[in-house]
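> Sequence first, then the predicted structure:
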Amino acid sequence: MLTLHHAGLTSIPALAPMNGEIHPGELLAIVGPNGAGKSTLLSMLSGYRRCEQGTVQLDDHLLHKWEITALANRRALVAQQEPVGFDWRVEELVCLGSNPDKALIAELLDDLDLVPLAKRSVLSLSGGERQRVMIARGACQLLSRRSDAARDGGLLLLDEPTSALDIGQQQRLMRQLRTWATRHHMAIVCVLHDLNLAGTYADCVWLLQKGQRIAHGKPRHVLKTTTIAKVYGAELYCIQSDMALAPLITLAP
Ligand SMILES: Nc1ncnc2c1ncn2[C@@H]1O[C@H](COP(=O)(O)OP(=O)(O)OP(=O)(O)O)[C@@H](O)[C@H]1O
C-alpha cells in the first residue's frame, strides 16, 4: 500500500532516507525519544510534507501527485491535539467531511466506547474522550469513502493516539486498532511512547533516533532492553512474559 524508496527530508526537521513497506492489515508502531522525528515521519507518510529525497508511493502512485480528495479517500491522519473548532455534537464530528451511513456511525461509536457521549458537545468532553472521538473520525473518513472496488480499508495514521487514555482505554483502543486492521484490511501506523503497547500490539516497529530510523522489524527484535536504555538514556529492566510478543520494559526505581 505505502512504499518508501530511500525517502527522506533534507530541510529542517530532516529525516535520513529510509526504505520500507506498509501493508494492509498491518499495525506499525513508530517509537523513539522526544524530538527523534516521529511526527515529522508521520507527516511525510501522510503526504502533508513532501519527501525531498527518494519517493513515497501510495498504491504505486507517487504520494505528492495524488489529487487531494482521492488522497482523503485512501489515508487519514489524526494529529496530536487536533483542534475541534466548533460546538459539534460527538456524532456530528465523527462524520465531519464524510457521508457515512447510520450503521457505520453506530459501529464506530460503539468500537471506541463513545455511544453514551454521542449527543454531547465535543467542547464538554475530557481529553481522553475527545481523543477517541478524533480517532473515530479518522476511521470514519476512510471507511465511509471506501469504494466497492477497494481491496483494503486504507491507511490510518495516528500520532500518539493513547497519550490521553487511561490504561483500560489504552487496551481497548489498541485491541480495536488490531480489529480494524483485520476486519477492514486497514494499514495502521501509530506513533507511540509506550514501548510495551508497541511490543504487545504492533506487527512491526520502527525505532527513530535523531532523525534516523536505527532499527525496524518485529517488536521482539527492535525493543531490546539494552538498545532502548541507550537510545532513551534510561535505566531499565525487562520482564519476560509469555503473554507479550516482546519482553516488557520497565523503569528501574
Ligand atoms: N519548524 C521547525 N523548525 C526547527 N526544528 C523543528 C521544526 N519542527 C520540528 N522541529 C524539530 O525537529 C525535531 C523532530 O520533531 P518531531 O515533532 O518530529 O519529533 P517527535 O519525535 O515527534 O517528538 P515528540 O516525541 O516530542 O513528540 C525536533 O527536535 C523538533 O524540535
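Noted; the coordinates are in hand. Numbering: from 1, shown residues only.
> What parts of the protein come near the ligand?
Counting by Cβ under 6 Å from any ligand atom, the residues of the chain close to the ligand are 12, 13, 32, 34, 35, 36, 37, 38, 39, 40. (C-beta placed from N, C-alpha, C; glycine too.)
> now the strands for the protein?
All strands of the chain, identified by DSSP state E, fall at 2-9, 15-22, 27-31, 53-58, 61-62, 75-78, 155-159, 187-191, 204-209, 212-217, 236-239, 248-251.
> Just put these in a markdown table and tack on mean neighbour count and mean pLDDT.
Listed next are the strands of the chain as a markdown table, based on neighbours: other Cβ atoms under 10 Å; pLDDT from 0 to 100:
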| stretch | mean neighbour count | mean pLDDT |
| --- | --- | --- |
| strand 2-9 | 20 | 97 |
| strand 15-22 | 17 | 98 |
| strand 27-31 | 26 | 98 |
| strand 53-58 | 17 | 97 |
| strand 61-62 | 12 | 96 |
| strand 75-78 | 23 | 96 |
| strand 155-159 | 24 | 98 |
| strand 187-191 | 26 | 98 |
| strand 204-209 | 23 | 98 |
| strand 212-217 | 17 | 98 |
| strand 236-239 | 14 | 88 |
| strand 248-251 | 15 | 90 |
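> Looking at the ones you listed, which is nearest to residue 115?
strand 75-78 (20.0 Å; Cβ to Cβ).
> what's in contact with the closest one?
Contact with strand 75-78 is made by 42-43, 46-48, 58, 134-135, 137-139, 141-142, 154-159, 161, as judged by Cβ atoms under 8 Å, 6 or more residues apart in numbering.
> Would you write a PyMOL line that selects the buried entries of the residues you listed?
In PyMOL syntax, the buried subset of the contacts of strand 75-78 is picked out as below (16 or more other Cβ atoms under 10 Å):
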select buried, resi 42+43+46+47+58+134+135+137+138+139+141+142+154+155+156+157+158+159+161
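> just to revisit the earlier point, distance to residue 86 added to the strands of the chain, as TSV?
TSV is the format used below for those (distance: least, Cβ to Cβ, whole Å):
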stretch	distance to residue 86
strand 2-9	32
strand 15-22	33
strand 27-31	31
strand 53-58	31
strand 61-62	34
strand 75-78	18
strand 155-159	22
strand 187-191	27
strand 204-209	35
strand 212-217	38
strand 236-239	44
strand 248-251	41
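> Brilliant, that's me finished.
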